[in-house]
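Undergrad: give me coordinates for this.
(4 chains)
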2 protein chains.
Amino acid sequence: MSSAKKKQPAAAQSGLTMADLAKLAGVSKITVSRALGESPLVTLETRERIQALARKHGYKLNVSARNLRLRRSHTVAVIVEMRPSSGRTMWDPYPLSLLGGISQELTSAGYSVLLTTRHDAANAAVQAADGLILLGQGVHQDAVKLYDRMGLPMVVWGAESAQDSHIVVGSDNRHSGVSVAERFLSIGRRHPVFIGNSDHPEMAQRLHGFVDELAGHGIKPLLLQRVDWTLESGVDAVRSLASRKVHFDAIFACSDLLAMGAIRALVELGLSVPNDVSVVGYDDTPHGASFLPPLSTVRQNWQEGGVLLARKVLALIDGQPVASQMLPTSLIVRAT
Amino acid sequence: MSSAKKKQPAAAQSGLTMADLAKLAGVSKITVSRALGESPLVTLETRERIQALARKHGYKLNVSARNLRLRRSHTVAVIVEMRPSSGRTMWDPYPLSLLGGISQELTSAGYSVLLTTRHDAANAAVQAADGLILLGQGVHQDAVKLYDRMGLPMVVWGAESAQDSHIVVGSDNRHSGVSVAERFLSIGRRHPVFIGNSDHPEMAQRLHGFVDELAGHGIKPLLLQRVDWTLESGVDAVRSLASRKVHFDAIFACSDLLAMGAIRALVELGLSVPNDVSVVGYDDTPHGASFLPPLSTVRQNWQEGGVLLARKVLALIDGQPVASQMLPTSLIVRAT
DNA sequence: CGGGCGAATGATATCGATATCAAGATATCG
DNA sequence: CGATATCTTGATATCGATATCATTCGCCCG
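TA: The predicted structure follows:
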């Protein structure tokens, strides 16, 4: 692809400019500009006349020209952090409902969504963006700092951390942990296990909430550190518990897949879910809902998160004061 | 959000232009432009000197200015068709690995990816794009025509159809159907069932391949029309077969979820998979792989599809001749 | 030695929209 | 009735990069 021969310099487009419209309407181009911009400086009558003319001739604003003049791009870059090891996860459903919300909110505000992966973020177009949204699980501090140096309004999806200065939007992971703990306590569970990766900021928050709430009742859960959140990893986790002859009666897994793997392993061991062991997953994936038995889980509202991310960047771009915000999650109690 | 007060007109940026660099280097701005553009018109020495200077001062190209002058946006708009009824599906993993491939290829060619949903495609920024990529299952003809009218180089993901003129990239759905039929025949199955939506172009192709291959052996499969491709729908499909006392020994389902639902219903009915009934799904989702029993399925290479889509638009933009192309799929035989 | 040729660089115009300031048209008021 | 305020419109400069044509300089060769 390096030696592409250019034969045609791309489509000619409609080629109609404001100057052309001005000539057609018998006014100056600045009047056209104002008319199309709904400026009250122009009579309602001429405004409508010019707008009709523009529609009729299929006039299209030249965004580059406007952006050049206004010194802004009307664009927000969305940078998706790809985890180097398991690149696959990036395109899992999770961050993508976020994208849906972001796209919806930004375009309805007249902004464009520029999609990039971390690798391409040095791109000139990204640097020209009016704002930045960072997505991806467990965004690391150094990466955030890198983008921060670009001096653009920036909002990050993830877990809030005391030491960083940037705006964060995310699910209230801590509260999720508390909710699950409360649930376990309310049904009389006394030996809970947490499966997840405590190095992952969001999961760490869940763990903290979980641990703190249980501590209030004199219970200390067992932490099963698992880097992957796959079904196999869940199976493996429970097997390791069994082989260590650990006694437990509840599992809080950091993903639905982990939870389903755990349940599978429990069944293999002859244990009953939820009679012997309660299990709660995370993310409310469609598979979890139709799992047998239907999985109890914590749901985050990704779509709304995306909308919120977008609103915050827009506010930042406008120079308004903005604060981090954590979205409530909901515990969905099904059969497990 | 309608009455946003603008306090600060956005970040000031580095504010360094080519003219500034020119002054610093003691040359004219056009020389700077050429130097940064690797033009051979400029001595290697001055070229490197200017590039070093640019790096040192953190010069950033103003994309809008360049785009204005060059009359192109170096942007490809990706329009994701959202199915009106079940908006959720849009953000399922499927089209999104496509996005990954597209993003990778376009940005490495110096293009930006502008993400929009169908609803926002009237956006000025979209119309300014150099090219269009249409994603979404079962893109309808009228929608395609709508975008076609924009006169931009366009590539569509989906099934190839004789009557339309635009470039299509997709998986070889027809061949998938043939492969599954061959598989069923090779293991002695004589009463196959197809579960899917024949109104969906891609699924229709799978059905055609399936039917045609079987016809060569005097076998006519049963078509079970199902609009949704959820687990429940799969369960329901098999139950309806049972209630109608249909005899069958193989199922080709158009999604892994459908297949898993079918298997669940089969097990409920006391049938053994794969002894009594063989089942093949579609998409090779992670859940299918760790399903019990591990699901046989057809895998499409989404990532590569994305790369291909991107390459085709770029070629079109360059004015090169481009043809539609179907990517090979692979039948993954696991336990079912 | 002078004409001509090629290499390196520069001056200027241009892409299309908008901000600024100026000017014409109309209205208001003493 | 004339002067000033108000409304509407326009001329010009500007955003930052690049295409085009011109220019300068050094060098080769008849």
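
Undergrad: what strand or helix carries the most centrally placed residue in chain A?
TA: By Cα atoms, centre = their mean, chain A has its centre lying nearest to A:Leu98, at 3.9 Å. Element membership for A:Leu98 (DSSP states H and E) is helix A:93-108.

Undergrad: pretty sure the residue nearest to the centre of chain A contacts A:Leu135?
TA: Yes. Counting by Cβ atoms under 8 Å, A:Leu98 does reach A:Leu135; the two are 6.0 Å apart. To be clear about C-beta, it is placed using only N, CA and C from the backbone, and glycine gets the same treatment.

Undergrad: any residues in contact with both of the two?
TA: Residues within reach of A:Leu98 and of A:Leu135 at once, by Cβ atoms under 8 Å, 6 or more residues apart in numbering or on different chains, are A:Trp157.

Undergrad: what pLDDT does the one residue in the stretch 201-336 of chain A that gets nearest to DNA strand D get?
TA: Of all residues in the stretch 201-336 of chain A, the one sitting closest to DNA strand D is A:Ile317 (18.0 Å; Cβ to the nearest atom of the strand). A:Ile317 is assigned 93 on the pLDDT scale.

Undergrad: against DNA strand C, how distant is it?
TA: Distance, A:Ile317 to DNA strand C, using Cβ to the nearest atom of the strand, to the nearest Å: 16 Å.

Undergrad: and chain A, which of its residues are near DNA strand C?
TA: A:15, A:17-19, A:29-30, A:33, A:36-37, A:61-62, A:65-66, A:68-70 (Cβ under 7 Å from any atom of the strand).

Undergrad: count the residues that sit near the residue of the stretch 201-336 of chain A closest to DNA strand D.
TA: Applying other Cβ atoms under 10 Å in any protein chain shown, we find 25 residues neighbouring A:Ile317.

Undergrad: also A:Ala122?
TA: 12.

Undergrad: quick one, phi/psi of it?
TA: With angles defined as degrees, to the nearest 10, A:Ala122 sits at phi -80, psi -10.

Undergrad: what do you get for A:Asn123?
TA: Torsion angles, degrees, to the nearest 10, at A:Asn123: phi -40, psi 140.

Undergrad: how many neighbours does it have?
TA: The burial count for A:Asn123: 20, using other Cβ under 10 Å.

Undergrad: how close does it get to A:Leu146?
TA: 14 Å (Cβ to Cβ, to the nearest Å).

Undergrad: got the confidence number for the nearest residue in space to A:Glu105 that is not next to it in sequence?
TA: Distances taken as Cβ to Cβ, 6 or more residues apart in numbering or on different chains put A:Ala310 closest to A:Glu105, at 3.5 Å, once the chain neighbours are dropped. What the model reports as pLDDT for A:Ala310 is 96.

Undergrad: quick check, A:Leu241 in a helix?
TA: Yes. In this structure, A:Leu241 lies within a helix as judged by DSSP: H, G, I helix; E, B strand; the rest coil.

Undergrad: gap between it and A:His247?
TA: The value you get for A:Leu241 to A:His247, if Cβ to Cβ is used, is 9 Å.

Undergrad: who has more neighbours, the two?
TA: Neighbour count, other Cβ under 10 Å: between A:Leu241 and A:His247, A:Leu241 has more, with 22 against 8.

Undergrad: doesn't A:Leu224 make contact with the more buried one?
TA: Yes. Using Cβ under 8 Å, A:Leu241 is in contact with A:Leu224, at 7.1 Å.

Undergrad: quick revisit: what about the residues of chain A next to DNA strand C, which are in helices?
TA: Using DSSP state H, the subset of those located in helices is A:18-19, A:29-30, A:33, A:36, A:65-66, A:68-70.

Undergrad: now for A:Leu241 and A:Leu224: what residues contact both?
TA: Joint contacts of A:Leu241 and A:Leu224 (Cβ under 8 Å, 6+ apart) are A:Val193.

Undergrad: start and end of stretch A:158-173, how far apart?
TA: Taking Cα to Cα, to the nearest Å, stretch A:158-173 runs 9 Å from one end to the other.

Undergrad: next up, the contacts around A:His166.
TA: A:His166 sits in contact with A:144, A:148, A:154-156, where contact means Cβ under 8 Å, 6+ apart.

Undergrad: how close does it get to A:Arg72?
TA: Counting by Cβ to Cβ, the gap from A:His166 to A:Arg72 is 21 Å.

Undergrad: swap in A:Tyr111?
TA: Going from A:Tyr111 to A:Arg72 by Cβ to Cβ gives 10 Å.

Undergrad: now which of the residues of chain A next to DNA strand C would you call buried?
TA: Among the residues of chain A next to DNA strand C, the ones that count as buried by 16 or more other Cβ atoms under 10 Å in any protein chain shown are A:17-18, A:33, A:36, A:61-62, A:65-66, A:68.

Undergrad: biggest separation within these, which pair?
TA: A:Leu36 and A:Leu68 (17.3 Å; Cβ to Cβ).

Undergrad: and which of the contacts of A:His166 is nearest chain B?
TA: Chain B lies nearest to A:Met154 out of the contacts of A:His166, by Cβ to the nearest Cβ, at 10.4 Å.

Undergrad: pull out the buried positions in stretch A:181-194.
TA: Quick answer for stretch A:181-194 (16+ other Cβ under 10 Å): A:181-185, A:189, A:192-194.

Undergrad: okay, now that stretch: how far is its last residue from its first?
TA: Using Cα to Cα, the two ends of stretch A:181-194 sit 10 Å apart.

Undergrad: so for the host helix or strand of A:Val168, mean pLDDT?
TA: Secondary-structure assignment from DSSP H and E places A:Val168 in strand A:167-171. Mean pLDDT, strand A:167-171: 92.

Undergrad: what's the following helix or strand after it?
TA: helix A:173-186.

Undergrad: give me the contacts around that next one.
TA: With contact meaning Cβ under 8 Å, 6+ apart, helix A:173-186 is reached by A:159, A:192, A:202-203, A:205-214, A:217, A:219, A:250, A:252, A:278, A:280, A:282, A:298, A:300, A:326, A:328-329, A:331, A:333.

Undergrad: among those, name the ones in helices.
TA: Going by DSSP H, the helices hold A:202-203, A:205-214 from the contacts of helix A:173-186.

Undergrad: from those residues, which would you call buried?
TA: Of the ones in helices among the contacts of helix A:173-186, these count as buried by 16+ other Cβ under 10 Å: A:202-203, A:205-207, A:209-211, A:213-214.
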